[in-house]
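Colleague: here is a sequence together with a model predicted from it:
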Amino acid sequence: QVQLVESGGGLVQPGGSLRLSCAASGSIISINAMGWYRQAPGKQRELVAAITSGGTTSYADPVKGRFTISKANGKNMVYLQMNSLKAEDTAVYFCNAAMVVVGGPWGGRAYWGQGTQVAVSS
């Protein structure tokens with residue numbers, strides 16, 4: 001069974017920082033890309049940042065210059081360093097990975113974690 005487990009969420013004051021981690025485990029053959037999405041109350045889930053297996057990164061405009069996505073090669077982990085947090089960053093953050101796994105579709109598919117809450121408030 002393949003799992004994505006997030007950690008690192010919490011309550012932080014505006015201007016503060018948090019680091020989210022996501023660990024992928026199970027019968028993984030390859031990971032093509034990993035990313036972070038977020039969903040605020042009453043809003044649709046949106047892409048925050050993504051990183052390919054080759055290390056190419058992309059960011060949503062609202063977080064550019066404040067958030068940094070990175071990965072640990074060989075450990076199936078992805079991180080999201082969030083600095084200069086704002087109230088509008090409050091959301092549940094979900095880890096996403098495009099993976100090829102044993103018994104899964106040949107071309108792979110997307111897997112989701114259960115999410116971790118980030119609250120930015122004074």
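Modeller: Nice, I can see it. Numbers count the residues shown, from 1 in each chain.

Colleague: give me the most central residue, the chain.
Modeller: residue 36 (2.5 Å; CA atoms, centre = their mean).

Colleague: can you pull the contacts of it?
Modeller: 20, 22, 47-50, 69, 78, 80, 93-96 (CB atoms under 8 Å, 6 or more residues apart in numbering). C-beta here means a position set from N, CA and C on the backbone, and glycine is covered the same way.

Colleague: where do the strands sit along this protein?
Modeller: Under the criterion DSSP state E, the chain contains strands at 3-7, 10-12, 18-25, 28-39, 46-52, 57-59, 67-72, 77-82, 91-101, 109-112, 116-120.

Colleague: tally of neighbours for the residue lying closest to residue 6 once chain neighbours are set aside?
Modeller: Nearest residue to residue 6, sequence neighbours excluded (CB to CB, 6 or more residues apart in numbering): residue 116, at 4.2 Å. Using other CB atoms under 10 Å, the number of residues around residue 116 comes to 23.

Colleague: residue 116 contacts residue 92, doesn't it?
Modeller: Yes. Counting by CB atoms under 8 Å, residue 116 touches residue 92, with 7.0 Å between them.

Colleague: make TSV from the strands of the chain and add mean pLDDT to it.
Modeller: Output for these, formatted as TSV (pLDDT from 0 to 100):
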stretch	mean pLDDT
strand 3-7	96
strand 10-12	98
strand 18-25	97
strand 28-39	96
strand 46-52	98
strand 57-59	98
strand 67-72	97
strand 77-82	98
strand 91-101	97
strand 109-112	96
strand 116-120	98
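
Colleague: ok so, going back, the residue nearest to the centre of the chain bridge partners, please.
Modeller: Applying DSSP bridges to residue 36 gives these bridge partners: residue 49, residue 95.

Colleague: tell me the contacts of residue 16?
Modeller: For residue 16, the contacting residues are 85, 120, by CB under 8 Å, 6+ apart.

Colleague: how about residue 88?
Modeller: For residue 88, the contact set (CB under 8 Å, 6+ apart) comprises 40, 62, 120.

Colleague: for the residues you listed, give me TSV that also has distance to residue 1 and neighbour count.
Modeller: Listed next are the contacts of residue 88 as TSV, based on distance: CB to CB, whole Å; neighbours: other CB atoms under 10 Å:
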residue	distance to residue 1	neighbour count
40	30	14
62	34	14
120	33	19
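
Colleague: cool, thanks, signing off.
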